[in-house]
Structure formats: structure tokens, C-alpha cells
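[1] With the input below, show me the fold.
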Amino acid sequence: MTTFSDIFKKSFLNDASMDLNFYNIIMSLLAAYICGMIIYFVYKYFYRGVLYSHNFNILLVLVSMITAFIVLTISSNIVLSLGMVGALSIVRFRTAVKDPLDVGFLFFSISIGITCGASLYLMSFVCTILISLIYILMVKVKTDSHVYLLIVKYEHKAGEDVLRILSDMKYALKNKTIYKENIELTVEMKLKTNNTEFVSDLSRLDGVHSAALINYTGDFAE
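    Reported below is the predicted structural model:
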């Protein structure tokens, strides 16, 4: 006697496996690779961080292709997809990503892999080009001022002279370390021109050991 449960199982198992031919596999992986290489070159030539990581850039291409492969596997078999979701849910990554833009590029690659794995090739290419152009445009937009960190190491006797030179500029105190007779002062300032003569003036003061001006982007590694 055929029960409702048997009918449901038979119908579910018959529909669980969908056709996945060689053409779909090659096209999905190729589309993911091409879109991943677009991300690769955009990240390489327009990276604005402190230290460019070639390995991370290669990872972006691999992630797009691997994600496409996973989506293809899930779409080919519903039963297998349930097990894969459970397996992927226990994966934990311990590598810290210090630059928020790197996280954005990582999600960019994952999204490309998902759309390519779902055979949405036109959407993948169009979105990759548009997002890349928007990123390039925002990177190329120049601001009127640049943010710098000024680090001055001096003795107590030179404190008034250091503050006198700094009084002519707008700055924000970030750190002040005092040890014995020496002081290390770290301030954040914005400069609209390339005139950094005040750094030389600071270094020439009696009692100043060093004065360094660093371009500050907010993503220095600890």
C-alpha cells in the first residue's frame, strides 16, 4: 500500500537532483574567473592601504571560483545542499582582516561566485564593472587636505618652543608619553599644501631629538 509519505519521498528524491552538464560547469567557473580577475586588477592598481598583499589578492580570485563551485554543487542536489549548509556552518576563520576595504572585496568576490554559480552571467559582469568603476571613482576623488601624524620627541626644556610652532596650526592631540626627562608627542593635523617646513623648524630646536611627519590613513598595523 502506497502511503502519502512514500509519495512525498519519491517525489522529493526525484526532484532533488537537477541536470548539471559540463557546459554549465565550465561557463560558471570561467565567468567567475574573469570577474575575479577584474577584481584582482582593480585591487592591485587602486589599493590605498599601507601594505599590499599579493596573496590576499590571489585569494579573491580563488574565492569567487570556489563559491561558484559550491553554488553549482548545492543547485545540483537538494539533499546534498542541506548537508553542505550544515558542514559550512561549523567552519571558523581566525585570520584577522585589519582593513575594512579588504572585507568589502572579500564579500565582492563571494557575491560574484554566487551569481556565476547561479548562471547569472550578465548580472555578474555588469555588477562587477559597475562596482569596480564606483570604487575607482571614489579612490581617485581628491580631497582638499591630507591627514598626517606628527611625532615629536623632545626634552622638557623644549616644550614651550614646540608648542609655539604648533600653535600656528590646527591639530588634535593623539598621544603624549612622558618618560624621565623626555616627552613623545603625537598629534593629528590636516595640511592643505605640501609645505612641511615646520618639521625642519621643530628638528632644529634645542632639546628636540626627532620630528617625523607620517601620512595617516587610519590602517596602521599594530
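[2] Flag every buried residue along the helix or strand containing Val71.
    Under the criterion of DSSP states H and E, Val71 resides in helix 54-76. Within helix 54-76, the residues scored as buried using 16 or more other Cβ atoms under 10 Å are 56-57, 59-61, 63-72, 74-76. C-beta: built from backbone N, CA, C; applies to glycine.
[3] Please apply the same query to stretch 104-113.
    Residues of stretch 104-113 classed as buried: Phe105, Leu106, Phe108, Ser109, Ile110, Ser111, Ile112, Gly113 (neighbour count, 16+ other Cβ under 10 Å).
[4] ok, now stretch 112-126?
    Residues of stretch 112-126 classed as buried: Ile112, Gly113, Ile114, Thr115, Cys116, Gly117, Ala118, Ser119, Tyr121, Ser124, Phe125 (neighbour count, 16+ other Cβ under 10 Å).
[5] quick one: contacts of it?
    For stretch 112-126, the external contacting residues (Cβ atoms under 8 Å, 6 or more residues apart in numbering) are 24, 27-29, 31-32, 34-36, 39, 63-72, 75, 127-128.
[6] coming back round to it: tell me which of the buried residues of stretch 104-113 is nearest to Ser200?
    Within the buried residues of stretch 104-113, the smallest distance to Ser200 is 39.4 Å, found for Phe105 (Cβ to Cβ).
[7] gap between the closest one and Phe198?
    Distance, Phe105 to Phe198, using Cβ to Cβ, to the nearest Å: 38 Å.
[8] what's the answer for Thr67, then?
    51 Å.
[9] Let me see the domain layout of this protein.
    Using automatic domain parsing, the domain parsing of the chain gives 4-140, 146-215.
[10] what would the ones you listed look like in a markdown table with mean pLDDT?
    Shown next, in a markdown table, are the domains of the chain (pLDDT from 0 to 100):
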| stretch | mean pLDDT |
| --- | --- |
| domain 4-140 | 79 |
| domain 146-215 | 82 |
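[11] Quick check: phi and psi on the spatially most central residue of the chain?
    By Cα atoms, centre = their mean, the chain has its centre lying nearest to Asp102, at 1.2 Å. Main-chain dihedrals, Asp102, degrees, to the nearest 10: phi -60, psi -40.
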